[in-house]
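Undergrad: sequence? don't have it. structure:
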């Protein structure tokens, strides 16, 4: 038996499992998107491309897509900034650094529901901690409704989600930082390079491969976040935080338009696969040019 | 051995075969006897998740199961947030419950996928025996059948503290102008005059509709099934609600029932609209029964009397198995017996109101410690519930689109266009009408 055949035989159970739990639902979603199924369990009929025409022609999909872009970019910027600063600090040698490296991961391991409850209490106008602090500090005159406006709700969600996820990103960056040879910094120091120059000429360029990978994985993960958004704002107020995953859920399980939700899912998958394909190609090209 | 000693003869074979068949017959009888002795197992899904409610339900089930060895009812608590998606999926997978708690719009969703069994005869028998409050069974009577057995009623009322009103020198508001004046007077010194939600969620649907029924905008459908949402009475209700919302805490756009109750319990909100605050007030606030005030939701100055939103919660039969259906009917009849029913209602004392005439008088209900303590409040709640209405179930005809309209919280969404996006009430209601009409068309 050839090695290739043997290898396929070994991986075939895993492949079959993946096909069953990923491939089959995906195929079902595509089939569903060409039908007119409403409530789960009801009969559907073939309707061709009419769901795609309705979704792409309506404003709901594009609005949710735009909110998703804001969500992904917001998370990328905030998380990268927080994670980079944290990773740079944790890469230094100081007493207690090992404890700090362990401690920093705490927010990431807290379950989502707990995160939501904590932040809902903190930000509440009746009994929350944040509003009295802001008033005492003279920043605001009266309690602020953090989830009362479209933009403030989105900003609050981005900060909360980033607070939860940045330790994970920080640890990834820290792993990247530890791979940068120390003698490069030593040589730069001897040549008279300051802290900023060492960061700009050594740290930042050599961290690029890690950042690229984090960019792709982070975008895909952020794009699909549903739990925090749903539990805190349910897509509101007035659709201000209605990203595509929220729209899919609402369409399927609140609007009882399962086929339309499947159509949005298929379109979202295509968008994400396109993004992953393009960025992977770009990364490969960058690696090749080095 | 045969008598000849040459092995088994023909006679022996017959004897052996006879014995074999007799033994098999006995075995079959024993097996069938065992099968007969096995109780009919019923799975009950309800959405009363708080641990004390689950515990009370389990006590009742244990008692029922003990008294009915041929039936075994098992509870599986669910959440209202998930059951709209979970139940249809469970039925589609052939794994649904046999009995399922419901509210009127949820029934329309499950009826659409043929998951609900009519309970006409049982409803007739129970009505004859206990006397259903008409408003509680009406939302489940359509298409020539009764689709669920009412279990408990919930109606929104206005909650306040008597001392707060007295200190502010105001009477209990009866009309909208009095209500607004009261909310303005009660506010200040870190307290909000009123706490009304503006979230795109069921609680906001309920509070907004509580105002709609008090401005003459109770019907959202016409008799022919077309949407009747955009009318001056609706606009008036939204306009007034948005004024009160401005006097509410700034984070009300993310409120559900819990936040409103917490706001009232902490005395941060002077008044709230809620089904009941008794439990929170009793356990987390002063617990002074004499100071807790409850009244009908004030009405528009042009209206003569107050109405409210009321939710008749019911239990659907969702099994096609005849034996299970019969067992379920025995259980439902047992539950509504006054001796048991009061203990069922007091799984959350002061929240669940009786749906039967004899249940409203049952000792098992009124003898509860909390019910006894807050008796005047509960009597007022029951009186308020008598004039209860529910959107989509007011004209005597029920249209399937109400399921999606309710599930998508379009009444609350319309409010958000006013309080979040700054639209006028007229424009928001017009947009709401268009969206509802679009859903009704599908």
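TA: Now that the structure is in, tell me what you want to look at. Model, not experiment: these values are computed from the prediction.
Undergrad: quick one: list the elements packing against the helix or strand residue A:170 falls within.
TA: Using DSSP states H and E, residue A:170 sits within helix A:150-178. Judged by 3 or more Cβ pairs under 8 Å, 6 or more residues apart in numbering or on different chains; DSSP states H and E, helix A:150-178 is in contact with helix A:59-90, helix A:106-109, helix A:112-123, helix A:204-223, helix A:227-232. For the C-beta atoms, the positions are set from N, CA and C on the backbone; glycine is no exception.
Undergrad: in a markdown table, list these along with mean neighbour count and distance to residue A:51.
TA: As requested, the helices and strands packed on helix A:150-178 are exported to a markdown table (neighbours: other Cβ atoms under 10 Å in any protein chain shown; distance: least, Cβ to Cβ, whole Å):
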| stretch | mean neighbour count | distance to residue A:51 |
| --- | --- | --- |
| helix A:59-90 | 18 | 11 |
| helix A:106-109 | 12 | 38 |
| helix A:112-123 | 16 | 31 |
| helix A:204-223 | 16 | 22 |
| helix A:227-232 | 20 | 23 |
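Undergrad: these: which one's closest to residue B:194?
TA: Nearest to residue B:194 among the helices and strands packed on helix A:150-178 is helix A:112-123 (20.9 Å), distances taken as Cβ to Cβ.
Undergrad: out of everything not next to it in sequence, what's closest to the residue of the stretch 151-290 of chain A found nearest chain B?
TA: Residue nearest to chain B within the stretch 151-290 of chain A: residue A:253 (3.7 Å; Cβ to the nearest Cβ). Of all residues not flanking residue A:253 in the chain, residue B:85 sits nearest, at 3.7 Å (Cβ to Cβ, 6 or more residues apart in numbering or on different chains).
Undergrad: count of neighbours near the one you found?
TA: 17 (other Cβ atoms under 10 Å in any protein chain shown).
Undergrad: low-confidence ranges in the chain?
TA: Using chain A here. By pLDDT under 70, the weakly predicted segments of chain A are A:1, A:290.
Undergrad: sorry, I should have been clearer: chain B.
TA: By pLDDT under 70, the weakly predicted segments of chain B are B:1-37.
Undergrad: in stretch B:155-168, what's buried?
TA: Using 16 or more other Cβ atoms under 10 Å in any protein chain shown as the test for burial, stretch B:155-168 gives B:155, B:156, B:157, B:158, B:159, B:160, B:161, B:164, B:165, B:168.
Undergrad: one more: stretch A:26-36?
TA: For stretch A:26-36, the neighbour count (16+ other Cβ under 10 Å) marks A:29, A:32, A:33, A:34, A:35, A:36 as buried.
Undergrad: show only the entries of these found in helices.
TA: When DSSP state H defines the helices, the subset of the buried residues of stretch A:26-36 inside them is A:29, A:32, A:33.
Undergrad: of those, which is the nearest to chain B?
TA: residue A:32 (12.5 Å).
Undergrad: check the gap between the closest one and residue A:50 for me.
TA: Separation of residue A:32 from residue A:50 (Cβ to Cβ, to the nearest Å): 13 Å.
Undergrad: near chain A, which residues of the stretch 251-400 of chain B are found?
TA: Within the stretch 251-400 of chain B, the residues that sit near chain A (Cβ under 8 Å from any Cβ of the partner chain) are B:251, B:252, B:253, B:254, B:259, B:262, B:263, B:266, B:268, B:269.
Undergrad: list only those of these flagged as buried.
TA: Buried members of these, counted by 16+ other Cβ under 10 Å: B:251, B:252, B:253, B:254, B:259, B:262, B:263, B:268, B:269.
Undergrad: contacting residues for the first one?
TA: Counting by Cβ atoms under 8 Å, 6 or more residues apart in numbering or on different chains, residue B:251 touches A:123, A:124, A:125, A:126, A:143, A:145, A:146, A:147, A:148, B:259.
Undergrad: reformat the helices and strands packed on helix A:150-178 as a markdown table; add distance to residue B:328.
TA: Listed next are the helices and strands packed on helix A:150-178 as a markdown table, based on distance: least, Cβ to Cβ, whole Å:
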| stretch | distance to residue B:328 |
| --- | --- |
| helix A:59-90 | 41 |
| helix A:106-109 | 44 |
| helix A:112-123 | 34 |
| helix A:204-223 | 45 |
| helix A:227-232 | 34 |
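Undergrad: can you tell me which residue is nearest the centre of chain A?
TA: residue A:222 (1.1 Å; Cα atoms, centre = their mean).
Undergrad: nearest residue to it in space, ignoring adjacent ones along the chain?
TA: residue A:75 (4.5 Å).
Undergrad: ok, that neighbour touching residue A:160?
TA: No. Applying Cβ atoms under 8 Å, one finds residue A:75 not in contact with residue A:160, separated by 10.4 Å.
Undergrad: now for the helix or strand residue B:136 falls within, which elements pack on it?
TA: Assigned by DSSP H and E, residue B:136 falls within helix B:134-137. Packing partners of helix B:134-137 (3+ Cβ pairs under 8 Å, 6+ apart): strand B:149-155, strand B:308-317.
Undergrad: which helices and strands sit right next to the longest one?
TA: It refers to strand B:308-317. Using 3+ Cβ pairs under 8 Å, 6+ apart, strand B:308-317 sits against strand B:99-102, helix B:104-112, helix B:134-137, strand B:149-155, helix B:202-212, helix B:322-335, helix B:375-385, strand B:388-389.
Undergrad: one more: the shortest one?
TA: Other elements packing on strand B:149-155 under the criterion 3+ Cβ pairs under 8 Å, 6+ apart are helix B:120-130, helix B:134-137, strand B:308-317, helix B:338-345, helix B:375-385.
Undergrad: which residues touch the second one?
TA: Right, the one you point to is helix B:134-137. With Cβ under 8 Å, 6+ apart as the criterion, helix B:134-137 contacts B:123, B:127, B:146, B:150, B:153, B:310, B:312, B:314, B:355, B:385-386, B:388-389.
Undergrad: the same query, at a cut-off of 7 Å, please.
TA: For helix B:134-137, the external contacting residues (Cβ atoms under 7 Å, 6 or more residues apart in numbering or on different chains) are B:123, B:146, B:150, B:153, B:310, B:312, B:355, B:388.
Undergrad: which ones among the buried residues of stretch B:155-168 lie within helices?
TA: Of the positions in the buried residues of stretch B:155-168, B:164, B:165 sit in helices, assigned by DSSP H.
Undergrad: pull the most distant pair out of the buried residues of stretch B:155-168.
TA: Between any two of these (Cβ to Cβ), the greatest distance is 26.1 Å, for B:155 and B:168.
Undergrad: buried ones in the helix holding residue A:170?
TA: Buried residues in helix A:150-178 (16+ other Cβ under 10 Å): A:150, A:152-174, A:176-177.
Undergrad: and for stretch B:217-224?
TA: Those would be B:217, B:218, B:219, B:220, B:221, for stretch B:217-224 by 16+ other Cβ under 10 Å.
Undergrad: and what about the second one, helix, strand or coil?
TA: In three-state terms, and counting by DSSP: H, G, I helix; E, B strand; the rest coil, residue B:218 is coil.
Undergrad: got the residues of the stretch 1-150 of chain B near chain A?
TA: With the criterion set to Cβ under 7 Å from any Cβ of the partner chain, the stretch 1-150 of chain B comes near chain A through B:84, B:85, B:88, B:89, B:91, B:92, B:109, B:112, B:113.
Undergrad: picking that back up, now the contacts of helix B:134-137 in JSON lines, with neighbour count?
TA: Formatted as JSON lines, the contacts of helix B:134-137 follow (neighbours: other Cβ atoms under 10 Å in any protein chain shown):
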{"residue": "B:123", "neighbour count": "22"}
{"residue": "B:146", "neighbour count": "22"}
{"residue": "B:150", "neighbour count": "26"}
{"residue": "B:153", "neighbour count": "27"}
{"residue": "B:310", "neighbour count": "25"}
{"residue": "B:312", "neighbour count": "28"}
{"residue": "B:355", "neighbour count": "27"}
{"residue": "B:388", "neighbour count": "22"}
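Undergrad: and the residues you listed as JSON lines, adding distance to residue B:46?
TA: JSON lines is the format used below for the contacts of helix B:134-137 (distance: Cβ to Cβ, whole Å):
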{"residue": "B:123", "distance to residue B:46": "19"}
{"residue": "B:146", "distance to residue B:46": "20"}
{"residue": "B:150", "distance to residue B:46": "14"}
{"residue": "B:153", "distance to residue B:46": "16"}
{"residue": "B:310", "distance to residue B:46": "19"}
{"residue": "B:312", "distance to residue B:46": "15"}
{"residue": "B:355", "distance to residue B:46": "15"}
{"residue": "B:388", "distance to residue B:46": "21"}
